[in-house]
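Student: For reference, the sequence and a predicted model appear below.
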Amino acid sequence: MHAQLLSGFGISSSGSHVVRSPIDGAEVGRVSFDDKATIAAKIEAGVEAFHIWRDVPAPKRGELVRLLGEELRANKEMLGRLVTVENGKILQEGLGEVQEMIDICDFAVGLSRQLYGLTIASERPGHRMMETWHPAGPVAVISAFNFPVAVWAWNAALAFVCGDPVIWKPSAKTPLAAMATQALFARAAKKFGGAPAALSQLALCTREAGELLTKDPRIPVVSATGSTAMGKIIGPAVAARFGRSILELGGNNAMIVCPSAKLDLAERAILFAAVGTAGQRCTSLRRLIVHESIYDRLIERLKALYAKLVVGDPLAKGTLVGPLIDRAAFEAMEHALAAARAEGGKIAGGGRILEADYPGAYYVRPAIAEMPAQSGIVCRETFAPILYVMRYSGFDEALALHNEVPQGLSSCIFTRDMQEAERFLAASGSDCGIANVNIGPSGAEIGGAFGGEKETGGGRESGSDSWKAYMRRQTATINYSDALPLAQGIEFGGR
Ligand code: UN1
């Protein structure tokens with residue numbers, strides 16, 4: 001079945017790196033890694049592509065992205081399935097991921113006619129000022145296993161219309177979905193005709209070879225999604241050469257549940273956000289801060305819902321929780337639960353299941369950890385379905401707990417009290433890049449800017465004006481008078 005999927009995209013599986021499906025640990029395919037010389041050649045090719053692409057009118061560049069969107073639409077089912085096979089998220093979410101790619105293509109097509117600059121009033125007579133957005137150059141996109149294709153699309157669809165080629169280093173855990181995406185891009189480029197050959201390149205490589213991308217001054221923008229630890233290496237490496245990085249790193253997203261909350265809605269939001277994608281989204285719900293008056297009732301109901309969760313084959317209908325990506329992820333979950341216990345937590349759920357059916361895969365029961373305080377382990381991001389629960393009595397206390405962690409990606413509140421909702425969204429409220437009211441923290445739409453503050457890295461991708469990060473801003477002043485007045489009214493040498 002896997003071989004069929006790969007051949008559907010025209011991918012030939014060969015090389016020494018074995019890709020295994022987290023569903024059953026079976027081999028899905030093989031790939032080979034680029035060495036340093038190949039990466040260097042790809043950077044060179046990217047620069048050449050830039051010199052051609054930057055002069056193609058933006059709406060024409062948008063046409064290529066429109067064609068890419070069409071390929072994605074036509075192959076949504078197959079690519080979604082490959083994402084599920086390689087990453088382990090349930091098929092609904094695999095399909096959702098491809099839909100996100102389609103959505104950002106649509107967004108980027110519109111954007112290609114809206115790369116607006118400003119006209120600015122000049123203080124000098126007979127002068128006009130304007131701001132123009134020019135293509136920046138080749139963009140490196142480094143993506144993680146958990147959104148193996150959508151993250152590329154948020155970056156690439158914008159980069160292409162902005163006039164930038166893309167060199168993509170996907171996770172070594174999910175290279176096949178990346179190759180399939182490249183194959184779809186190639187089909188779109190063929191229909192488009194005349195796009196430079198190296199407009200979109202894959203750089204399947206080790207971290208060492210990948211460092212060439214972060215260190216090369218010919219790559220003005222590096223967009224990296226992954227752990228905070230990774231961002232701490234990439235951010236300074238890019239900054240050291242005055243490059244621009246767009247970092248989307250760890251999250252530790254919380255929900256505050258207030259006394260007036262509609263509990264049935266909150267429960268559904270909690271389930272999707274805490275156990276969906278097996279807790280392996282940057283935006284997964286990790287901390288639940290519940291008012292003491294509803295705490296017992298909500299936690300009881302959640303435990304009952306958790307006990308009924310269908311964990312298993314992510315391709316099977318009805319499954320809500322697929323496997324963790326690998327053994328290391330399982331071990332990280334075990335360590336976190338042990339730490340939570342040591343810090344006084346009461347744990348429900350957790351532990352490996354289905355081991356007899358899938359000895360080579362890591363299925364777990366999602367866990368609820370009732371914590372006496374927001375202690376050490378709660379402040380760290382563990383990429384697994386663990387929900388730490390804490391109680392609060394006053395709203396200030398809830399907000400303080402909410403903002404106390406080092407990460408700042410996504411956040412939400414469930415309340416029907418307008419004052420609480422507005423306080424959560426105010427300057428002194430949630431300190432995250434994303435703040436929702438009566439919606440969980442995950443599953444953001446592409447139309448808004450996506451990213452967060454503090455250890456999340458500060459980058460913004462996807463919608464709103466995130467495109468500006470892929471371009472260079474030029475301020476231009478034109479003198480159409482017969483004089484040469486100086487700004488600030490400076491007199492310099494008469495006349
Ligand atoms: C991620 O986990 O890296 O908001 C991205 C969401 C998705 C993207 C998650 N649209 O959950």
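Tutor: Yep, it's here.
Student: residues near the residue lying closest to Glu370 once chain neighbours are set aside, how many?
Tutor: Nearest residue to Glu370 in three dimensions, chain neighbours excluded: Lys346, at 4.4 Å (C-beta to C-beta, 6 or more residues apart in numbering). Yep, even glycine has a C-beta here, placed from its N, CA and C like the rest. The tally of other residues near Lys346 (other C-beta atoms under 10 Å) stands at 13.
Student: if I look at Lys346, how far off is the ligand?
Tutor: 28 Å (C-beta to the nearest ligand atom, to the nearest Å).
Student: What parts of the stretch 1-150 of the chain come near the ligand?
Tutor: By the rule C-beta under 6 Å from any ligand atom, the part of the stretch 1-150 of the chain lying against the ligand is Glu100, Asn146, Phe147.
Student: The stretch 1-150 of the chain: strands as residue ranges?
Tutor: Along the stretch 1-150 of the chain, counting by DSSP state E, counting those that start in this stretch, strands occupy 17-20, 27-31, 119-120, 127-135, 139-142.
Student: Tell me which of those strands sits most buried.
Tutor: The highest mean neighbour count among these, using mean count of other C-beta atoms under 10 Å, belongs to strand 139-142: a mean of 28.
Student: Check which helix or strand Ala186 maps to.
Tutor: If you go by DSSP states H and E, Ala186 is part of helix 175-192.
Student: Give me the contacts around that helix.
Tutor: The set of residues external to helix 175-192 that reach it, using C-beta atoms under 8 Å, 6 or more residues apart in numbering, is 6, 9-11, 13, 17, 19, 28-29, 31, 63-64, 67-68, 70-72, 75, 78-79, 82-83, 86-87, 101, 143, 148-149, 152-153, 168, 170, 195, 199-200, 202, 204.
Student: cool, and stretch 54-63?
Tutor: Outside stretch 54-63, the residues that reach it (C-beta under 8 Å, 6+ apart) are 53, 108-113, 115, 134-135, 160-164, 192.
Student: What is the neighbour count of the closest residue to Leu486 other than its chain neighbours?
Tutor: Spatial nearest neighbour of Leu486, chain neighbours left out: Phe492 (6.0 Å); criterion: C-beta to C-beta, 6+ apart. By the measure other C-beta under 10 Å, the count of residues near Phe492 is 7.
Student: Surely Phe492 is in contact with Pro485?
Tutor: No - the pair Phe492 / Pro485 is not scored as a contact, 10.4 Å apart, by C-beta atoms under 8 Å.
Student: neighbours of Ala338, just the number please.
Tutor: For Ala338, using other C-beta under 10 Å, the count is 14.
Student: Low-confidence ranges, the stretch 351-495 of the chain, go.
Tutor: 494-495 (pLDDT under 70).
Student: repeat that for 50
Tutor: Along the stretch 351-495 of the chain, no part satisfies pLDDT under 50.
Student: Taking it, what residue is nearest to the ligand?
Tutor: At 3.4 Å from the ligand, Ala444 is the closest residue in the stretch 351-495 of the chain, using C-beta to the nearest ligand atom.
Student: Leaving out the residues flanking it, which one is nearest to that residue?
Tutor: Spatial nearest neighbour of Ala444, excluding adjacent residues (C-beta to C-beta, 6+ apart): Phe450 at 5.6 Å.
Student: Hmm, the residue nearest to Glu370 is touching Ala369, no?
Tutor: Yes - at 7.2 Å, Lys346 counts as touching Ala369 under the criterion of C-beta under 8 Å.
Student: Counting by contacts, list what whichever strand or helix holds Ala307 packs against.
Tutor: Per DSSP H and E, Ala307 falls inside helix 292-308. Using 3 or more C-beta pairs under 8 Å, 6 or more residues apart in numbering; DSSP states H and E as the contact test, the elements touching helix 292-308 are helix 263-275, strand 346-349, strand 367-370, strand 386-392.
Student: Please tell me how far the most centrally placed residue in the chain sits from Trp133.
Tutor: Nearest to the geometric centre of the chain sits Val151, at 5.0 Å (C-alpha atoms, centre = their mean). Distance, Val151 to Trp133, using C-beta to C-beta, to the nearest Å: 23 Å.
Student: ditto for Leu79
Tutor: Distance from Leu79 to Trp133, by C-beta to C-beta: 31 Å.
Student: Check Leu176 too.
Tutor: As for Leu176, its distance to Trp133 is 35 Å (criterion: C-beta to C-beta).
Student: nearest residue to the residue of the stretch 51-200 of the chain found nearest the ligand other than its sequence neighbours?
Tutor: Closest to the ligand within the stretch 51-200 of the chain is Phe147: 4.6 Å, counting by C-beta to the nearest ligand atom. Counting by C-beta to C-beta, 6+ apart, Phe147 lies nearest to Glu97, which is 6.2 Å off, once chain neighbours are set aside.
Student: what do you get for Ala237?
Tutor: Thr214 (4.4 Å).
Student: quick one: that neighbour and Val238 touch, right?
Tutor: Yes - assessed by C-beta under 8 Å, Thr214 is found in contact with Val238 at 5.5 Å.
Student: overlap in contacts of these two?
Tutor: Common neighbours of Thr214 and Val238 (criterion: C-beta under 8 Å, 6+ apart): Val222.
Student: sorry, back to before: and the residue of the stretch 51-200 of the chain closest to the ligand, what pLDDT?
Tutor: On pLDDT, Phe147 comes in at 98.
Student: Just give me the neighbour total for it.
Tutor: With other C-beta under 10 Å as criterion, Phe147 counts 28.
Student: Tell me the residues of the stretch 201-350 of the chain that contact the ligand?
Tutor: Residues of the stretch 201-350 of the chain lying close to the ligand by C-beta under 6 Å from any ligand atom are Thr225, Arg281, Cys282, Thr283.
Student: For those, please prepare TSV with the additional fields pLDDT.
Tutor: Formatted as TSV, these follow (pLDDT from 0 to 100):
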residue	pLDDT
Thr225	97
Arg281	97
Cys282	97
Thr283	98
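Student: Give me the buried stretch members for stretch 63-83, please.
Tutor: For stretch 63-83, a neighbour-count test (16 or more other C-beta atoms under 10 Å) marks 63-72, 75-76, 78-83 as buried.
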